[in-house]
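**Q** dropping the sequence and predicted coords here.
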Amino acid sequence: MNKPPQNSAQLPDYLKARKLHLSGIIAVIAGMKKLNARANKDTKVETLTIDAIKAELDFIDLQLKRKSG
């Protein structure tokens, strides 16, 4: 994982890029589930991974709100 920028002016851009990347991962996982509908059982690892990504997205939203307001 890349280190966040040291300059606080660059931080919102970093957070937006990270949010876009994580949202893309969620979209890919959802797309794979649609393609593989027969084996649509969620494994514990998938569930934990998706929950962790969603938590990270929520945290990024919180940081962006703090920086903008």
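**A** Everything's here; your move.
**Q** host element of the residue nearest in space to the middle of the chain?
**A** Nearest to the mean C-alpha position of the chain, counting by CA atoms, centre = their mean, stands residue 22 at 2.8 Å. Assessed by DSSP states H and E, residue 22 sits inside helix 11-35.
**Q** what does that helix contact?
**A** 4-5, 40, 46, 49-50, 53-54, 56-57, 60-61, 63-64, 67-68 (CB atoms under 8 Å, 6 or more residues apart in numbering). Backbone N, C-alpha and C define where each C-beta goes, glycine included.
**Q** those: which two are farthest apart?
**A** Using CB to CB, these span at most 39.7 Å, a distance reached by 5 and 40.
**Q** before we move on, the earlier item: now do the helix holding residue 22, average pLDDT.
**A** The pLDDT scores in helix 11-35 average 88.
**Q** of residue 5 and residue 40, who's got more company?
**A** For residue 5 versus residue 40, the count of surrounding residues by other CB atoms under 10 Å is larger for residue 5: 13 against 8.
**Q** and the host helix or strand of residue 67, what does it pack onto?
**A** Here residue 67, judged by DSSP H and E, is contained in helix 44-68. Contacts defined by 3 or more CB pairs under 8 Å, 6 or more residues apart in numbering; DSSP states H and E place helix 44-68 against helix 11-35.
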